[in-house]
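Chemist: Make a model of this:
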Amino acid sequence: MLVAIKVAALTLFIVLAVPVMKMENFTPFAPLGIAGISAAAASIFFAYVGFDAVSTAAEETKNPQRNMPIGLIGSLAICTIFYILVASGVIGTVGAQPVLGADGAGLRPGSPELSAACAAIGESQVVCSKEALAWTLREIGWPQIGNLIGLAAGLALPSVILMMMFGQTRIFFVMSRDGLLPAVLSKVHPKYHTPHVITVVTGVFVALFAAFFPVGVLADISNSGTLFAFAMVAIAVLTLRRTDPTRARPFRTPAVFVVAPLAAAGCVYLFFSLPNETKLMFVAWAIVGLVVYFLYGYRKSHVGRGVVDVPELDADAPPGPVPPMPGAPVPGQRD
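Modeler: Numbering: from 1, shown residues only. Reported below is the predicted structural model:
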């Protein structure tokens, strides 16, 4: 329901804004050059993090080998089209030129300098608006629909938060099951069959961070960690192809020796396009993670201890998407 509200609101905005675009509003097309595009791409990367969260649901998906690629690539393609059309609707109707600082450089969205500049000039530009799409519709003569778009954005925002929290709880769940975090965090509720302990713990921490950090800062912190993690995954995939070529690989990765290096390089480039304050905060969080790993995870890791986990054979494991081969173990049955 939340996603339906969001998609309906974005579709309505596109229908009203795109037909009245003015091409002169796209000139200059990149007022801040490559540096501005890179900084914007690094900040907006937060919008794509949800696609990674989809992959964390593989264990809870029927026929994941078929359905996960369809869900990931299909949703990525559809949302990218929406992003392009919405951005075009905003820029083409009201323009989106940056607010420049004293040094002639564009002020970064969410920065104190931009807030001070917007306080002086008011909401005369879309970059100063707290609700860009609603503000745009009001400017082009649709004030009531603009108000509805703002309401829809508020109603649909929990869908993003829930998806992010869902993905994070499953990551912590698997880390706990592999011994990198305390085992209590991977307990599964006897009735609902969900990792309830880590869900509660994650919810508490999310609430605390939301209370004490601005949303722009949280988005950049999330971007830094995600970009670094994506780069490491790409490198790890390449490494495992050389160090463990016979490993069973149920998901295909076409042209991996081209895609993985490009993915790693792109993530590293965007990471260094983030603000310096964000990179420093990432280093601080990385140090905290390393301390936890070396004080606890390093000694408890199942991989490090040579423990072979086969969770799909646990007694409460759901049946697989296809029947097991003759003579193969079935879920719930161990030797």
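Chemist: now the helices for the stretch 1-150 of the chain?
Modeler: 2-17, 33-44, 49-55, 64-94, 112-121, 132-139, 143-177 (DSSP state H, counting those that start in this stretch).
Chemist: Output the contacting helices and strands for the fourth one.
Modeler: So that's helix 64-94. In terms of contacts (3 or more CB pairs under 8 Å, 6 or more residues apart in numbering; DSSP states H and E), helix 64-94 is packed against helix 2-17, helix 49-55, helix 132-139. The way it works is simple: take the backbone N, C-alpha and C, and place the C-beta from them, glycine included.
Chemist: Then the last one?
Modeler: The contact analysis (3+ CB pairs under 8 Å, 6+ apart) places helix 143-177 against helix 2-17, helix 49-55, helix 132-139, helix 196-212.
Chemist: any idea how far the shortest one is from the chain center?
Modeler: Taking CA atoms, centre = their mean, to the nearest Å, the mean C-alpha location of helix 49-55 is offset from the chain mean by 6 Å.
Chemist: So for it, mean pLDDT?
Modeler: Confidence for helix 49-55, expressed as mean pLDDT, is 75.
Chemist: From here on, call the first residue 6.
Modeler: Understood, numbering begins at 6; the last thing we discussed is helix 54-60.
Chemist: Which secondary structure elements does that helix sit against?
Modeler: When contacts are defined as 3+ CB pairs under 8 Å, 6+ apart, helix 54-60 packs onto helix 69-99, helix 148-182, helix 220-248.
Chemist: Turn these into TSV, including distance to Trp140.
Modeler: Formatted as TSV, the helices and strands packed on helix 54-60 follow (distance: least, CB to CB, whole Å):
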stretch	distance to Trp140
helix 69-99	8
helix 148-182	7
helix 220-248	17
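Chemist: of those helices, which approaches Val206 most closely?
Modeler: The closest of the helices and strands packed on helix 54-60 to Val206 is helix 148-182. By CB to CB, the value is 7.8 Å.
Chemist: That closest one to helix 137-144, inter-axis angle?
Modeler: Interaxial angle, helix 148-182 versus helix 137-144 (axes from the mean of the first three to the mean of the last three CA atoms, to 10 degrees): 170 degrees.
Chemist: I figured Pro74 hits Pro255, correct?
Modeler: No: using CB atoms under 8 Å, Pro74 is not in contact with Pro255, being 11.0 Å away.
Chemist: Between those two, which has more neighbouring residues?
Modeler: Under the criterion of other CB atoms under 10 Å, the comparison of Pro74 against Pro255 puts Pro74 first, with 13 against 8.
Chemist: Run a quick neighbour tally on the closest residue to that one other than its chain neighbours.
Modeler: The shortest distance from Pro74 to any non-neighbouring residue, by CB to CB, 6 or more residues apart in numbering, is to Phe256 (7.2 Å). Neighbourhood size, Phe256 [other CB under 10 Å]: 10.
Chemist: quick one: contacts for Ala161?
Modeler: By CB atoms under 8 Å, 6 or more residues apart in numbering, the contact list for Ala161 reads Leu7, Val8, Ile10, Lys11, Ala14.
Chemist: Quick check: chain neighbours aside, which residue is closest to Val27?
Modeler: Actually, residue 27 is Lys. It isn't Val. Ranked by CB to CB, 6+ apart and with sequence neighbours excluded, the top spatial neighbour of Lys27 is Gly97, at 6.1 Å.
Chemist: do Leu245 as well
Modeler: Of all residues not flanking Leu245 in the chain, Arg252 sits nearest, at 6.5 Å (CB to CB, 6+ apart).
Chemist: Tell me if I am right that that neighbour is in a strand.
Modeler: No: counting by DSSP: H, G, I helix; E, B strand; the rest coil, Arg252 falls outside a strand, being coil.
Chemist: quick revisit: need the winner for burial among the helices of the stretch 6-155 of the chain.
Modeler: Highest mean neighbour count among the helices of the stretch 6-155 of the chain (mean count of other CB atoms under 10 Å): helix 137-144, with a mean of 22.
Chemist: Run the chain-centre distance for that one.
Modeler: 26 Å.
Chemist: Show me what it is packed against.
Modeler: Here helix 137-144 touches helix 7-22, helix 69-99, helix 148-182, going by 3+ CB pairs under 8 Å, 6+ apart.
Chemist: thinking again about what came up before, lowest-confidence stretch among the helices and strands packed on helix 148-182?
Modeler: Least confident of the helices and strands packed on helix 148-182, judged by mean pLDDT, is helix 54-60 with a mean of 75.
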